[in-house]
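Colleague: compute the structure for the input listed below.
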Amino acid sequence: MHNVMVNGAAIPALGLGTWTLKDEVCSELVAHALSLGYRHLDTASTYDNESAVGEGLRLSGVPREDVFVTTKVWYTEIASGDLERSAEQSLKRLGLDKVDLLLIHWPHPEIPLADSIKALNAVRNSGIAGHIGVSNFPSEMLGKAIRLSDAPLVANQVEYHPFLAQTKVHAACRAAGMAMIAYAPLGRGGALLDEAAIADAAKRHSKSPVQIVLRWHVQQEGVVAIPRAERKEWLAENIDVFDFELSGEEMAAITRLRSHNLRFYVNEGYHAPQWDTID
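Modeller: All right, here's what the predicted structure looks like:
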């Protein structure tokens with residue numbers, strides 16, 4: 001497992017996304033993932049599983065300092081004061097004295113970004129979070145957040161897979177020395193995994209289509225992938241992507257699939273940000 005080095009943070013290039021995982025199932029999967037070599041866990045206050053993620057970390061026996069833990073503040077809680085309280089509550093549920101990365105989960109159209117970024121910096125300054133960042137920020141909004149922040153932002157977590165271009169966001173992250181963390185890195189599977197560019201590469205490398213897509217992610221500069229896994233065998237499959245390399249031609253063929261421009265996940269609770277267009 002290699003790390004993506006960004007603005008003072010070392011983020012493991014492949015992590016475990018825990019959305020939809022609950023209770024004992026979540027704890028067991030987290031502990032098993034850590035036993036396989038995962039060192040990056042991603043959760044959020046709205047996932048209702050921070051306690052289970054923290055329990056899995058303790059069950060694993062892996063030293064806390066060896067694991068990069070990310071959580072996120074829900075968009076209704078990102079006003080000044082609310083954000084700090086949400087972060088403190090997340091720590092209590094996780095059973096930790098700090099998280100490695102705290103993200104604003106979604107922007108809010110009616111809460112001033114300056115206030116949210118100021119609160120995010122306050123959380124970092126208090127020691128609750130080692131690093132700070134954002135999630136679901138298109139490139140223009142990301143630029144504003146970067147300018148507003150006293151401390152460097154280290155990541156923007158966005159939906160990213162071969163069917164969805166994030167060219168502008170990725171370029172903005174790279175220009176700012178940030179990571180782009182890909183949630184839903186496999187899209188919704190299915191048709192994506194059947195694409196010839198992926199299936200053919202899988203045959204050539206004796207890997208699964210899932211492994212080809214995850215390799216495509218981690219082989220890009222500054223990209224981190226956090227696939228979710230509901231079964232232990234998927235955990236083992238997902239992490240086994242560091243013993244081969246895709247050729248330039250294979251990378252390009254998979255990247256061309258972005259012309260589908262399929263976005264699967266949006267926040268239905270309010271008007272989503274103005275997403276970047278494909279050039």
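Colleague: residue closest to the middle of this structure?
Modeller: In the chain, the centroid-proximal residue (CA atoms, centre = their mean) is residue 181; its distance is 4.0 Å.
Colleague: ramachandran angles for that one?
Modeller: phi -100, psi 120 (degrees, to the nearest 10).
Colleague: so who does the residue lying closest to it once chain neighbours are set aside touch?
Modeller: Leaving aside its chain neighbours, residue 181 sits nearest to residue 157 (4.0 Å; criterion: CB to CB, 6 or more residues apart in numbering). For every residue, glycine as well, the C-beta is placed using N, CA and C. Contacts for residue 157 (CB atoms under 8 Å, 6 or more residues apart in numbering) come out as 42, 70, 72, 103, 133-136, 180-183, 226.
Colleague: and if we set it to 6 Å?
Modeller: Contacts for residue 157 (CB atoms under 6 Å, 6 or more residues apart in numbering) come out as 103, 135, 181, 183.
Colleague: which strand residues bridge it?
Modeller: residue 135, residue 181 (DSSP bridges).
Colleague: could you measure it against residue 230, distance?
Modeller: Look at residue 157 and residue 230: by CB to CB, to the nearest Å, they are 20 Å apart.
Colleague: residue 206 too?
Modeller: 25 Å.
Colleague: more neighbours, these two?
Modeller: Applying other CB atoms under 10 Å to residue 206 and residue 230 shows that residue 230 carries more neighbours, namely 11 against 8.
Colleague: before we move on, which element is that one in?
Modeller: Assignment of secondary structure by DSSP states H and E places residue 230 within no helix or strand.
Colleague: next one: residue 41
Modeller: Applying DSSP H and E, one finds residue 41 within strand 40-42.
Colleague: please apply the same query to residue 172.
Modeller: Residue 172 belongs to helix 167-175 when assigned by DSSP H and E.
Colleague: and that helix, C-alpha only, in PDB?
Modeller: Provided in PDB are the C-alpha atoms of helix 167-175 (Å, rounded to 0.1, in the frame of the first residue of the first chain):
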ATOM      1  CA  THR A 167     -11.000  16.600 -14.900                       C
ATOM      2  CA  LYS A 168     -11.400  20.100 -13.600                       C
ATOM      3  CA  VAL A 169     -11.700  19.000 -10.000                       C
ATOM      4  CA  HIS A 170      -8.600  16.800 -10.300                       C
ATOM      5  CA  ALA A 171      -6.600  19.600 -11.900                       C
ATOM      6  CA  ALA A 172      -7.700  22.000  -9.100                       C
ATOM      7  CA  CYS A 173      -6.700  19.500  -6.500                       C
ATOM      8  CA  ARG A 174      -3.300  18.900  -8.000                       C
ATOM      9  CA  ALA A 175      -2.700  22.600  -8.400                       C
END
